[in-house]
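Trainee: requesting a structural model of the entry that follows:
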Amino acid sequence: MKKSDPKQRSIQWFGRQDIYGFIYRGWVKNRGVPQDQFDGRPVIGICNTWSELTPCNTHFRTLAEHVRNGVLEAGGFPMEFPVMSLGETLLRPTAMLYRNLASMDVEESIRANPLDGVVLLMGCDKTTPSLMMGAASVDLPTVGVSGGPMLSGKFHGHDIGSGTNVWSMSEDLRAGKITLEEFHEAESCMNRSHGHCMTMGTASTMASMVEALGVGMPGNAAIPAVDARRYVLARMAGRRIVEMVKDKLVLSQILTREAFENAIRVLAAIGGSTNAVIHLIAIARRIGVDLKVEDFDRLGRGVHTLANLMPSGKYLMEDFYYSGGLPAVIRQLGENNLLHKNALTVNGKTLWQNNQDAPCWNPDVIHSFKEPFKRDTGIAVLRGNLCPDGAIIKPSAATPALMQHKGRAVVFENIEDFHSRIDDPKLDIDERSVMVLKNCGPKGYPGMAEVGNMPLPPKLLKKGVTDMVRISDARMSGTAYGTVVLHVVPEAAAGGTLALVASGDTIELDVAQRKLELLVSEKEIASRKKRWEQPKAPLERGYWKLYFDHVLQASDGADLDFLVGKSGAFVPRDNH
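Mentor: Predicted coordinates:
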């Protein structure tokens, strides 16, 4: 065992022989901790997002115990602590509103306590970026452990995927294709074990990003939540974080520009969630890497989708794991010179050392680069007068015939306007129309909710229409699909051109040319702009007000402006 570093953070609390050492050690002893635990061994924080209000993370007490065992086995001193948990399924108006608040909780909890390293337990969509953002701003040795996906859903003899089949089955219900009883039955069949969404939604995407960035141990992305191998991974992470503290391997040595570029290419190869664009930008800017939305288009070009997973394909995360998981995808990218192979990971090896020999057991689930599932389907960044600072679309989940389209706008001023009119059989809309939703961005909702994949009108569903061009300043669930243009910047509530679109205007989408245009004269747009009034903050106090006043646009990661960057781990004063 290496000799303790006198500069080790925890020693500044526990290694003192004065009144402050008495205070710091004494109150920890009230749960039966013996004196020899304060001998300079690394103190490891286990940052836990367990909550019964976050169904995806309800097995984290067990996961934390396995991390704890690993820390003890390696000679560390584990100390578990809670932070705000963000459940995508229950939290209103959207978990994204609170991502930045949770990141503040994480950052200050890590910095203010006697921790030398931290293991982050994360699963549901926003728990991953919030913990990564907070940890990045402190920059200690850090390992990320994801909770893992649920087992595959089973309904009437076939697989169903969380989120993806929620959208399709709700459309079937609205179209009269299934009964309400069948709809209720599917709820139990879909969510039948611990874990997060088992499609390649945002939770699985961000777990994949943690592994691709090198912050998670190999295999982090896909091991099912209830598979014993998930607990082995947690235990090994607990062992490894102790060694990282001794080796002084901090997060900024892992989260480099090269690591983020690797993650972007992996994102394209797995057909991952569009939400990763916002989250990766926010994480990068916390650690000091100036990642831009254009990087996703530039690095994603020429990268094929290899993973045949919902919502882009047909398989689920359980199948993905049994077929080789993310290591098999990373190997394909590396063999085709699409990776920075020397990027360092938390286990002390490079990304390529971890994945160069990864097997693929089922080429129908994980395709080769030469015979991909879908060709050149990295996230596309659009530009034009409707989105001068960018908008995005996920080609792997879109309808090819709609990727070049010109149509008449049918405008919904906000989500309430949409819900009040979409089921009206008299709604003036046809399959060539372009659905436009305003005021659902960071400021407008507030929090930029997952409402961009607007349900289609029942009058068209009953005719067999399954997709239409949809445009908004909102996000969509990573489990969703369709020809959906998202993250329009500037958003409507910030005075973007989107706020000025009127029903009947013509909109042109050309994904190949990366173009999104409102075909209205500049003079008319300027005239409409003069009549536009900026909305007020939805609440005049508290966090909602703070968020409204300081949130950045989607292209800048939708972080709060004063949180960009890092403060490090230094704490200047004692508490008494």
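Trainee: which parts of the lengthiest strand in the chain are buried?
Mentor: Longest strand in the chain by number of residues, with DSSP state E as the criterion: strand 404-412. When burial is assessed from 16 or more other CB atoms under 10 Å, strand 404-412 yields the following buried residues: 405, 407, 409-412. Where you see a C-beta, it was placed from the backbone N, CA and C, and this is true even at glycine.
Trainee: those residues into CSV, with extra columns for pLDDT and distance to residue 497?
Mentor: Putting the buried residues of strand 404-412 into CSV (pLDDT from 0 to 100; distance: CB to CB, whole Å) gives the following:
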residue, pLDDT, distance to residue 497
405, 98, 18
407, 98, 17
409, 98, 12
410, 98, 17
411, 98, 13
412, 98, 16
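Trainee: which of these sits closest to residue 460?
Mentor: The closest of the buried residues of strand 404-412 to residue 460 turns out to be residue 410 (CB to CB; 11.1 Å).
Trainee: can you list contacts of the next helix or strand after the longest strand of the chain?
Mentor: Read in the C-terminal direction, the helix or strand following strand 404-412 is helix 415-421, with elements assigned using DSSP states H and E. Counting by CB atoms under 8 Å, 6 or more residues apart in numbering, helix 415-421 makes contact with 412, 427, 437, 439-440, 445, 449, 451, 454, all of which sit outside it.
Trainee: 6 Å - rerun?
Mentor: Contact partners of helix 415-421, identified using CB atoms under 6 Å, 6 or more residues apart in numbering, comprise 412, 427, 437, 451.
Trainee: around the spatially closest residue to the first one that is not a sequence neighbour, how many other residues sit close by?
Mentor: Sequence neighbours aside, residue 418 is the residue nearest to residue 412 in space, at 3.9 Å (criterion: CB to CB, 6 or more residues apart in numbering). Here the number of neighbours of residue 418 (other CB atoms under 10 Å) works out to 20.
Trainee: the least confident helix or strand in the chain by mean pLDDT: what's the following helix or strand?
Mentor: The element with the least model confidence among the helices and strands of the chain, by mean pLDDT, DSSP states H and E, is helix 164-174, at a mean of 88. Scanning forward in sequence from helix 164-174 by DSSP H and E, the next helix or strand is helix 180-190.
Trainee: mind listing residues that contact that following helix?
Mentor: Residues from elsewhere that reach helix 180-190, judged by CB under 6 Å, 6+ apart: 153-155, 160, 162, 169, 173.
Trainee: and stretch 62-80, by the same measure?
Mentor: Residues from elsewhere that reach stretch 62-80 (CB under 6 Å, 6+ apart): 1, 37, 41-46, 48, 119, 121, 231, 234-235, 238-239, 242.
Trainee: what about that stretch, average pLDDT?
Mentor: Averaging the model's pLDDT scores along stretch 62-80 yields 98.
Trainee: before we move on, what about stretch 414-430?
Mentor: The predicted model assigns stretch 414-430 a mean pLDDT of 97.
Trainee: please apply the same query to stretch 472-486.
Mentor: 94.
Trainee: same thing with stretch 9-27?
Mentor: Mean pLDDT, taken over the full extent of stretch 9-27, equals 96.
Trainee: residues of it that come out buried?
Mentor: For stretch 9-27, burial by neighbour count (16+ other CB under 10 Å) applies to 9-16, 24-25.
Trainee: which one of those is nearest residue 333?
Mentor: Of all the buried residues of stretch 9-27, residue 333 sits closest to residue 9, with 36.7 Å by CB to CB.
Trainee: so that closest one, which state does it fall into?
Mentor: coil (DSSP: H, G, I helix; E, B strand; the rest coil).
Trainee: shouldn't it be in contact with residue 113?
Mentor: No. Here residue 9 lies out of contact with residue 113, judged by CB atoms under 6 Å, at a distance of 9.0 Å.
Trainee: now the element after the longest helix seen in the chain, going C-ward?
Mentor: Within the chain, and with DSSP state H defining each element, the longest helix by residue count is helix 228-247. Of the helices and strands lying after helix 228-247 in sequence (DSSP H and E), the nearest is helix 251-254.
Trainee: let me see the mean pLDDT of that next one.
Mentor: Helix 251-254 comes out at a mean pLDDT of 98.
Trainee: equivalent analysis for stretch 37-52, please.
Mentor: Taken as a whole, stretch 37-52 carries a mean pLDDT of 97.
Trainee: in that stretch, what's buried?
Mentor: Of the residues in stretch 37-52, those with enough neighbours to count as buried (16+ other CB under 10 Å) are 38, 40-51.
Trainee: hang on, the earlier thing: and which of the contacts of helix 180-190 is nearest residue 393?
Mentor: When the contacts of helix 180-190 are compared for distance to residue 393 (CB to CB), residue 162 comes out closest, at 22.9 Å.
Trainee: next up, phi/psi of that closest one, please.
Mentor: phi -60, psi 140 (degrees, to the nearest 10).
Trainee: burial count for it?
Mentor: By other CB under 10 Å, 27 other residues sit near residue 162.
Trainee: identify the bridge partners of the closest residue to residue 386 other than its chain neighbours.
Mentor: Counting by CB to CB, 6+ apart, residue 518 is the residue found nearest to residue 386 once chain neighbours are left out, at 4.5 Å. Residue 518 has the following beta-bridge partners by DSSP bridges: residue 507.
Trainee: need the contact list for residue 518.
Mentor: 385-386, 507.
Trainee: mind putting those residues in JSON lines, distance to residue 557 and pLDDT included?
Mentor: Rendered in JSON lines, the data for those read as follows (distance: CB to CB, whole Å; pLDDT from 0 to 100):
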{"residue": "385", "distance to residue 557": "24", "pLDDT": "97"}
{"residue": "386", "distance to residue 557": "21", "pLDDT": "98"}
{"residue": "507", "distance to residue 557": "27", "pLDDT": "98"}
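Trainee: from these, pick the one nearest residue 55.
Mentor: residue 386 (37.2 Å).
Trainee: what about that closest one, distance to residue 437?
Mentor: Using CB to CB, to the nearest Å, one obtains 13 Å as the distance from residue 386 to residue 437.
Trainee: before we move on, what about residue 450?
Mentor: Shown here: residue 450 relative to residue 437, a distance of 12 Å by CB to CB.
Trainee: how about the residue nearest to residue 206 when sequence neighbours are not counted, secondary structure?
Mentor: Setting aside the residues directly before and after it, residue 206 is nearest to residue 128 in space (CB to CB, 6+ apart), at 3.9 Å. Taken by three-state DSSP, the conformation at residue 128 corresponds to helix.
Trainee: how far away is residue 128 from residue 193?
Mentor: Remark: distance between residue 128 and residue 193 (CB to CB) = 20 Å.
Trainee: between those two, which is the more surrounded one?
Mentor: Applying other CB under 10 Å to residue 128 and residue 193 shows that residue 128 carries more neighbours, namely 31 against 17.
Trainee: please look at that one and residue 122 and confirm they touch.
Mentor: Yes. Here residue 128 lies in contact with residue 122, judged by CB under 6 Å, at a distance of 4.3 Å.
Trainee: count of residues packed around residue 531?
Mentor: The burial count assigned to residue 531 is 7, neighbours taken as other CB under 10 Å.
Trainee: show the backbone phi and psi for residue 510.
Mentor: Here the main-chain torsion angles of residue 510 (degrees, to the nearest 10) amount to phi -140, psi 90.
Trainee: what sits closest to it if chain neighbours are left out?
Mentor: residue 404 (5.1 Å).
Trainee: just to revisit the earlier point, can you give the contact residues for the least confident helix or strand of the chain?
Mentor: Applying CB under 6 Å, 6+ apart, the set of residues contacting helix 164-174 from outside is 178, 183, 186, 199, 310-311, 458, 461, 479-480.
Trainee: run the chain-centre distance for that helix.
Mentor: Here helix 164-174 shows a centroid-to-chain-centroid distance of 23 Å under the convention CA atoms, centre = their mean, to the nearest Å.
Trainee: give the buried residues for that helix.
Mentor: Quick answer for helix 164-174 (16+ other CB under 10 Å): 164-169, 171-172, 174.
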